[in-house]
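fold the following.
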Amino acid sequence: MKAIWNGQVLAESNDTVVVENNHYFPANSINKEYFKNSDTHTVCPWKGQASYYSLEVEGQTNADAAWYYPETSHAAKPIEGYVAFWRGVEVVE
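Here you go, the predicted structure:
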């Protein structure tokens with residue numbers, strides 16, 4: 001699987017985990033040069049507190065377009081630390 005935005009591959013892995021129709025990529029599969037920490041956090045009742053990254057590619061920013069759970073609940077352990085995308089990021093095979 002590949003996550004692509006603004007013509008760049010943000011993440012690529014054969015080991016994604018699908019939860020609620022989102023592909024979660026292992027942390028070591030992301031191209032960190034495009035990821036900037038965000039102060040945004042949300043809470044999922046069954047996964048826990050999510051943290052976000054904004055994406056910066058070719059001078060353009062996609063705010064809070066990637067998220068991850070640094071520490072999950074027991075039920076979501078398979079995606080702990082994995083990164084998922086939205087806001088126009090295309091995830092393709």
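
can you give me the strands in the chain?
Counting by DSSP state E, one finds strands in the chain at the ranges 2-5, 8-12, 17-19, 22-24, 35-44, 48-57, 60-68, 83-85, 90-92.

could you identify which of those strands is most buried?
Burial among these, expressed as mean neighbours by mean count of other C-beta atoms under 10 Å, is greatest for strand 83-85, which shows a mean of 25. (Glycine included, C-beta is placed from N, CA and C.)

pLDDT of that one, averaged?
Per-residue pLDDT values across strand 83-85 average out to 98.

check stretch 56-74 too.
Averaging the model's pLDDT scores along stretch 56-74 yields 97.

identify the residues contacting it?
Counting contacts by C-beta atoms under 8 Å, 6 or more residues apart in numbering, the residues outside stretch 56-74 that touch it are 5-8, 10, 24, 27, 30, 34-36, 38, 40, 42, 44, 46-55, 76, 79-89.

start and end of it, how far apart?
Taking C-alpha to C-alpha, to the nearest Å as the measure, stretch 56-74 stretches 32 Å from start to finish.

likewise for stretch 20-37?
With C-alpha to C-alpha as the measure, stretch 20-37 spans 24 Å from end to end.

over to stretch 3-21?
Distances were taken as C-alpha to C-alpha; on that basis the terminal residues of stretch 3-21 are 14 Å apart.

S38 is in contact with S51, isn't it?
Yes. In this structure, S38 sits in contact with S51. The criterion is C-beta atoms under 8 Å, and the distance is 7.4 Å.

list the contacts for V89?
Shown in contact with V89 (C-beta under 8 Å, 6+ apart): A3, I4, W5, L10, L55, N62, A65, A66.

oh, I was asking about F25
Shown here is F25, whose contacts under the criterion C-beta under 8 Å, 6+ apart are M1, A3, A11, E12, S13, T16, Y82, V83, A84.

I'd like to know how far the closest residue to it other than its chain neighbours sits from H74.
Once flanking residues are discounted, F25 sits nearest to A11: 4.2 Å by C-beta to C-beta, 6 or more residues apart in numbering. Remark: distance between A11 and H74 (C-beta to C-beta, to the nearest Å) = 26 Å.
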